[in-house]
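Colleague: Sequence first, predicted coordinates after that:
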Amino acid sequence: MKQVKTLHGKIKKISTKAGLPPGSLVFQGSGSSEKLIIDRFLFDESEILEFESIKYNDVIKNVPHNYCQWLNFNSVNDIEVVKNTGEHFGLHLLTVEDILNETQRPKFEIIDDYIFMSLKMIHFQDDEIVNEHISIVLKENTVITFQQRKGDVFETIRKRLRTNSGIIRKMQSDYLTYSILDSIVDYYYVVLEEIDFRIEELEEKILTNFNSDLLEDLHEIKRTIINFRKNVWPVREIISAFSKSIDQTRSEVLSHYLRDLYDHSIQVMDGIDTGKDMANALMNLYLSFSGNKMNEVMKILTVISTIFIPLTFLAGLYGMNFKYMPELQMRYSYPVLLAIMLTIIIVMLGFFKKNKWF
Amino acid sequence: MKQVKTLHGKIKKISTKAGLPPGSLVFQGSGSSEKLIIDRFLFDESEILEFESIKYNDVIKNVPHNYCQWLNFNSVNDIEVVKNTGEHFGLHLLTVEDILNETQRPKFEIIDDYIFMSLKMIHFQDDEIVNEHISIVLKENTVITFQQRKGDVFETIRKRLRTNSGIIRKMQSDYLTYSILDSIVDYYYVVLEEIDFRIEELEEKILTNFNSDLLEDLHEIKRTIINFRKNVWPVREIISAFSKSIDQTRSEVLSHYLRDLYDHSIQVMDGIDTGKDMANALMNLYLSFSGNKMNEVMKILTVISTIFIPLTFLAGLYGMNFKYMPELQMRYSYPVLLAIMLTIIIVMLGFFKKNKWF
Amino acid sequence: MKQVKTLHGKIKKISTKAGLPPGSLVFQGSGSSEKLIIDRFLFDESEILEFESIKYNDVIKNVPHNYCQWLNFNSVNDIEVVKNTGEHFGLHLLTVEDILNETQRPKFEIIDDYIFMSLKMIHFQDDEIVNEHISIVLKENTVITFQQRKGDVFETIRKRLRTNSGIIRKMQSDYLTYSILDSIVDYYYVVLEEIDFRIEELEEKILTNFNSDLLEDLHEIKRTIINFRKNVWPVREIISAFSKSIDQTRSEVLSHYLRDLYDHSIQVMDGIDTGKDMANALMNLYLSFSGNKMNEVMKILTVISTIFIPLTFLAGLYGMNFKYMPELQMRYSYPVLLAIMLTIIIVMLGFFKKNKWF
Amino acid sequence: MKQVKTLHGKIKKISTKAGLPPGSLVFQGSGSSEKLIIDRFLFDESEILEFESIKYNDVIKNVPHNYCQWLNFNSVNDIEVVKNTGEHFGLHLLTVEDILNETQRPKFEIIDDYIFMSLKMIHFQDDEIVNEHISIVLKENTVITFQQRKGDVFETIRKRLRTNSGIIRKMQSDYLTYSILDSIVDYYYVVLEEIDFRIEELEEKILTNFNSDLLEDLHEIKRTIINFRKNVWPVREIISAFSKSIDQTRSEVLSHYLRDLYDHSIQVMDGIDTGKDMANALMNLYLSFSGNKMNEVMKILTVISTIFIPLTFLAGLYGMNFKYMPELQMRYSYPVLLAIMLTIIIVMLGFFKKNKWF
Amino acid sequence: MKQVKTLHGKIKKISTKAGLPPGSLVFQGSGSSEKLIIDRFLFDESEILEFESIKYNDVIKNVPHNYCQWLNFNSVNDIEVVKNTGEHFGLHLLTVEDILNETQRPKFEIIDDYIFMSLKMIHFQDDEIVNEHISIVLKENTVITFQQRKGDVFETIRKRLRTNSGIIRKMQSDYLTYSILDSIVDYYYVVLEEIDFRIEELEEKILTNFNSDLLEDLHEIKRTIINFRKNVWPVREIISAFSKSIDQTRSEVLSHYLRDLYDHSIQVMDGIDTGKDMANALMNLYLSFSGNKMNEVMKILTVISTIFIPLTFLAGLYGMNFKYMPELQMRYSYPVLLAIMLTIIIVMLGFFKKNKWF
């Protein structure tokens, strides 16, 4: 409907879909203009065939018996191709809609004979935390992944497939799906550790080198944690649901691995919560330090003012031009006054010292 | 029973009903004076009949076999008509009471042979967030919607009905009800995005162009979120209950759509909670910025005062009129004193520089 | 056992009962000295008999077959009468104890053949929120209500009984109990709306006419909400329990009404929580406004001080009495100094203007 | 194993037991040096025998048929006696360990043929809130209570036993146990009321006679509530568990009393939570008042400074000693300047008045 | 992947494993360079054999019938040995991975015929709280413990084994495992008491000897509690799971001990939460004290300024050099002015006294 200019200069679409019939296929997202590239892996325990940048025609080719297929879409810009792929594999219209919607909340669904998962791949790009929407379809011996743009966290899976390291090629599509989830969750740790590292760095700065500008860094961390939490929170349920569906409907080989993965997802949430607590503790620290700085400033002002304002008054007193001021004529008035002033200074300093002002 | 003048100049009725017998039909709300307009849609897969601004007599006309009927009331001012409609369709007295009560909390009920839902339609009107109470009755092949005033979020549903786009006319009254709920929830996204947008805008302003007046904007956002949350919170249960009732008592065709809608409602709640967290983080940011500004003000005052107050004292000292002040007569007293004063200024500035005051 | 003088001048009894055997009948409360008045209603669908200020002898009179009896006690000062009434109706000793204890937490119990409820009637008296303890006993065709003092929220029930309006006289004691609960909950709305109204009023005042004295009003509202919540919170369970007991053991006629009442009680809790959120938001607003006021005060002080303190120093400089100060003798020293001073003022004002201090 | 000096001058043992084998019998607590006194009550409905300060030999005497025995230990200093008693009554080694450990968290256990409870008796001693650890063993017709020191909340139970008031002597050991729990919970009310009273007193002081020293009282109350809550929280479960064990394995006579007691424990928790909310509200009030006081101080400073600093500058201006200052020679310079100064004062005061500074 | 320098000068590995295949054996931790030492205990009720610093060859030796074996690894640096040990005892690849990962979250697993637990051993070393990762494997009559470094909390268990004190040698591997858990949890108490002690110490300091530097101590305590909580929180579940597995699959002898241990773990969590509340209360106390100090500073400044600034103005007034100032020539101007000034001082002091500024 309306288009608004966001703060970061990108074009944000406000709910392009509000009001459209459910199941309408409309691309929703930041609109990366990358060309759609599809990669295809075909493998069994003894052989692996890798096809890069295939055409749509190759997507719908048959999979040889006992082979496992992995189709990876690098972007979902081309609605037609995604829609046709969905039709070929018998995906529900709403599933295709979810694939196209980059703002979709993470979810898990078993529909007819396939499993659909959508979640967030969170990793670093040029020191910035990047959320990337990823959809995973697991149907029989085929795994299809739809990413938002080129560049992902799956390079090591590909390597293992090519070199047949680990048990990845002995296992089937279930295990491949698990590996994909595992890679995604592993990268959550990287993000979490980066956040922990930034918090520690900031804590160090606040404690040793307080500067009011640290506020913006602190706010940035809090915002990052809030967003990270929002995206990671549902992943636990997804893994749990995947785990249950595997236990019940397929082999039990994976269950230990999945329980382990589930443990990891809980660990990440724990880490985020601890991070949140730490960030709040830091905010308190910042505010308290800021208040202490203010106290110091006020103390300096007060020390200087309370010492010199009375002295200035005394000086002003003997700067008056009255004709009859006997002190003015006396021989030792000046040195006596200087002595009195010195006494006042010493008494004042003693008072502040006693009250531990410095 | 008393009438109070609210802040916004409207007349608020304080619990007109307290003390009346349950089931008393009294209109409760802000009392829009719009004329009641009733629209009627009759459709099956092949045909659609649209009647605008019908009389009450048309409301109670029979529905042809296999047709689906949608009655839309644009206001509920006319208690008689609402009551008679309720009687015609066999609605419970308490249902009619809920329809008339614009302050009714969102709810879902299966009563005898009909389903009753009441919830809040939240949308924008002239940049203001507007809550509109809407009641939905689903009985056999008839759907009745009672709105608070003209202008709604259903225009696209009507369009789809007219043009037979999507599957809306192939389906029955269940699907129409779902479409209505879907439209309402879709607009929650629009509101949510507007709130997110305002938060971002405000964050940008606080960070780049701090101004103490931003406080009122911030408070306004917090209040909006609190109210939005209050109205959206119960919708999830309503969809869940509707979903269950459909699964059990009717066809299962809708269940995927409804699960999707349920997901959306959770997503909205997540968004609101994240928005709340962000608003709180912003409040902290505002307070900290405000504190920093204060610190800066105090630093300026302190720098100026601690430098010039001692100097003024020195000047006052030699402005005294004692007869015996040897320095006054010396040849180089004045330039020496000026040099001393300059030294004090430089030392002071060095001190502040070292302590990173500027 | 000690007696303490409370802040409001009343005598507070500190746990008169601590240490007494359970079931000891001791009056616990603020000790209103009102005379006990008992009212009795006897009605069936065709007839109603009303007895005001009856004697205890009338309390134990038989109830004609098919009639419904409502006994209303206006105070529970007279322990003997309450105890004897309890014995007559076969109430458990602990029930009687609860009736006498005005500080009793709201509760619901099915004991033998009667239902016992105790809750708080909250209404306004002279612009003050008043908590009144009320106990309800429902046994067969008799309903007994024990209030703390004269004046209640049941006037409309009596009116409906007398005029036979609504279905109240067609129904039996269950419905009368429901009507009593309904009246009590309806008044919670009035209190809630008054609280909402006061919050809005206070918000308006803070935003348009900030005054540090508003703090006491704000604290008052917070305290009211905390206490209101404490008393209303258990009512939901009571209605739920009553609803279940009715569904199971008696007719199902009331169930729709009770579900509705349950909805209302949830709505009230929602409203209280929203009110609490609003009050907290207001407290933040107050603190921020207060901080902003402080900032403004400091800015004024700083502007005046930083402009005039240096100028005063300059003036003091040329007020010194050194014999050899060449500037003093020069022809245009004075106008030049005035020009310098003016320049300083303008530069300073420019600086503050640029930094948006005013 | 190390011994540290606490703030209050007592010797605190840091985990004397860490590293010892489970079930090691070591006394853990503040080490009151009181002599162990054992009291014994033997009663049935018709007779009561009371033995004060009995020897250990009497502890292990047989209990006549149909009599109920209550053994009360006033301290648990004498490990040998406690251990032997435990052995005589067949208590598990861990039970004896719990009896000796005064820092034991409240708990409930059914072991073999006895019930073991340990909880905190909280009462006043010289205006101080005192936590006392108490262990209760209920085995057949014997109840054994182990207290930390002389002086308890059971005096009224003893009195009732002696005078045979209430139903206490008609009932058996179950009821005696209930009475003991009831006395303990009743005293929680006293503590709660004292806390409420102190909160009210403090609130009154803050509102009418603000003083920054009230902070320590406020902190004291918060600490008391935190500790009280910690000790009372588990009592609810204990009563619930006791209630269940009684319902299932013994007579149902007590169940009404126990439900009532359970209600009381919930009421106490509610009261504590409300107290916590109130204490937090008070802290906010304190901080806001403190901020307001600061504002007032700053306003006074600002009013005086902004009025007199410019005037002082003017005076300084005409105190300069330039040779050529025409105003100095004019006839009406002085009164004109005075008039100007007066005007400045009036304008300033008007400004502050308009801005509602006083 | 990348190596970052942490604040404390250690090398932190950021997720060495992200991207590796699950089950890859990589050591994850702070990389202590200690040599791996393995100790072996073999015992039955009558005999105990202790082997210190055994070779790997001894690890895989058979255990005599009816003997219980305890293998303790002092570090897990040597991946090969750990891996081979795992293979010998039939541990799952993921179990070995968890043993090697010192950042592993506490967990409990029953896999095939063994129980695996990993948790944190928290104790003091040179006044610092140290987290040490420990893995426990219980398989038939063998218990294997993997620690992070030399020095542990098990010395008393060894002593009891050697001296056959308690029932430890009569029991089997289950009881040994319980003893190990019990020792770990016992040390949590020591940590908790140390935290409580530090909180009390800090509270005392804040109340009696406020100093803004206490902020860092306070922050340190908060951070310690956050981390402690994170590590202790999962231990409860572990004990509960262990307890269940013992009850079901093995003897019930241990159940009382385990319930007791479970109680302890809850007690520790309670203590941590109370500690958290106390730390937050202390933070409030700190902030309030800090604000009060500021108030005092401002009051001193204001008292001095408001008294002397007007006086200085008066002095300046009569320091002016106007030719026509009649007061200058009058005989008693000076003493009269002095009297006026004294009056001002007295009035001002009276005002401040009345307003309780000192």
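Modeller: In hand now; what should we look at? Not measured: the values here are computed from a predicted model. Numbers count the residues shown, from 1 in each chain, chains lettered A, B, ... in the order given.
Colleague: CA atoms for contacts and neighbours, from now on please.
Modeller: OK.
Colleague: Is any residue of the helix or strand hosting A:Asn295 near chain E?
Modeller: Remark: A:Asn295 resides in helix A:255-317, with elements defined by DSSP states H and E. Yes - Helix A:255-317 reaches chain E (CA under 8 Å from any CA of the partner chain) through A:257, A:260, A:267, A:270, A:274, A:277-278, A:281, A:285, A:288, A:291-292, A:295, A:298-299, A:302, A:305-306, A:309-310, A:312-314, A:316-317.
Colleague: now, which of these lie close to chain B?
Modeller: Checking these against chain B by CA under 8 Å from any CA, the ones in range are A:Met298, A:Ser305, A:Ile309, A:Thr312, A:Gly316, A:Leu317.
Colleague: quick one: the helix holding A:Asn295 to helix D:255-317, angle?
Modeller: Helix A:255-317 runs at 40 degrees relative to helix D:255-317, counting by axes from the mean of the first three to the mean of the last three CA atoms, to 10 degrees.
Colleague: how far does helix A:255-317 sit from the chain's center?
Modeller: Distance of helix A:255-317 from its chain centroid, counting by CA atoms, centre = their mean, to the nearest Å, is 23 Å.
Colleague: Give me the packing partners of it, helices and strands only.
Modeller: Applying 3 or more CA pairs under 8 Å, 6 or more residues apart in numbering or on different chains; DSSP states H and E, one finds that helix A:255-317 contacts helix A:173-208, helix A:214-232, helix A:235-249, helix A:333-354, helix B:255-317, helix E:214-232, helix E:255-317.
Colleague: Next up, the contacts around A:Val268.
Modeller: A:Tyr188, A:Tyr189, A:Leu192 (CA atoms under 8 Å, 6 or more residues apart in numbering or on different chains).
Colleague: buried subset of the residues of helix A:255-317 next to chain E?
Modeller: A:257, A:260, A:267, A:274, A:277-278, A:281, A:285, A:288, A:291-292, A:295, A:298-299, A:302, A:305-306, A:309-310, A:312-314, A:316-317 (16 or more other CA atoms under 10 Å in any protein chain shown).
Colleague: per-residue confidence for A:Asp98?
Modeller: The model reports A:Asp98 with a pLDDT of 87.
Colleague: do A:Ile11 as well
Modeller: 31.
Colleague: ok so, going back, can whichever helix or strand comes after the helix holding A:Asn295 be found next to chain B?
Modeller: Downstream of helix A:255-317, the next assigned helix or strand under DSSP H and E is helix A:326-329. Yes - with CA under 8 Å from any CA as the criterion, chain B is reached by helix A:326-329 at A:Glu327, A:Leu328, A:Gln329.
Colleague: Out of these, which is nearest to chain D?
Modeller: Checking those against chain D with CA to the nearest CA, the nearest one is A:Leu328 at 17.2 Å.
Colleague: and the closest one, how many residues sit next to it?
Modeller: 21 (other CA atoms under 10 Å in any protein chain shown).
Colleague: Same question for A:Glu128.
Modeller: 8.
Colleague: Show the backbone phi and psi for the one residue in chain A that gets nearest to chain B.
Modeller: At 3.9 Å from chain B, A:Gly319 is the closest residue in chain A, using CA to the nearest CA. Dihedral pair for A:Gly319: phi -100, psi 0, per degrees, to the nearest 10.
Colleague: I'd assumed A:Ile115 was in a strand, is it?
Modeller: Yes - with DSSP: H, G, I helix; E, B strand; the rest coil as the criterion, A:Ile115 is located in a strand.
Colleague: which stretches of the stretch 51-200 of chain A aren't confidently modelled?
Modeller: Within the stretch 51-200 of chain A, the stretches with pLDDT under 70 are A:151, A:165-166, A:170.
Colleague: can you map out the strands along it?
Modeller: Ranges of strands within the stretch 51-200 of chain A are A:68-73, A:107-111, A:114-125, A:128-139, A:142-146, based on DSSP state E, counting those that start in this stretch.
Colleague: Contacts for the fourth one, please.
Modeller: Looking back up the chat, that one is strand A:128-139. A:99, A:102-104, A:113-124, A:143-149, A:173-174, A:177, A:191.
Colleague: and with 6 Å instead?
Modeller: By CA atoms under 6 Å, 6 or more residues apart in numbering or on different chains, the surrounding residues in contact with strand A:128-139 are A:99, A:102, A:114-124, A:143-148.
Colleague: tell me, which of these make contact with chain D?
Modeller: Among these, proximity to chain D is found for none (CA under 6 Å from any CA of the partner chain).
Colleague: The nearest residue to A:Arg169 once chain neighbours are set aside: neighbour count?
Modeller: Leaving aside its chain neighbours, A:Arg169 sits nearest to A:Glu45 (5.0 Å; criterion: CA to CA, 6 or more residues apart in numbering or on different chains). Here the number of neighbours of A:Glu45 (other CA under 10 Å) works out to 16.
Colleague: circling back: could you dump the contacts of A:Val268 into TSV and include neighbour count and distance to B:Ser333?
Modeller: TSV is the format used below for the contacts of A:Val268 (neighbours: other CA atoms under 10 Å in any protein chain shown; distance: CA to CA, whole Å):
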residue	neighbour count	distance to B:Ser333
A:Tyr188	24	73
A:Tyr189	23	72
A:Leu192	21	68
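Colleague: when you check chain C, which of those turn up near it?
Modeller: Within these, nothing lies near chain C by CA under 6 Å from any CA.
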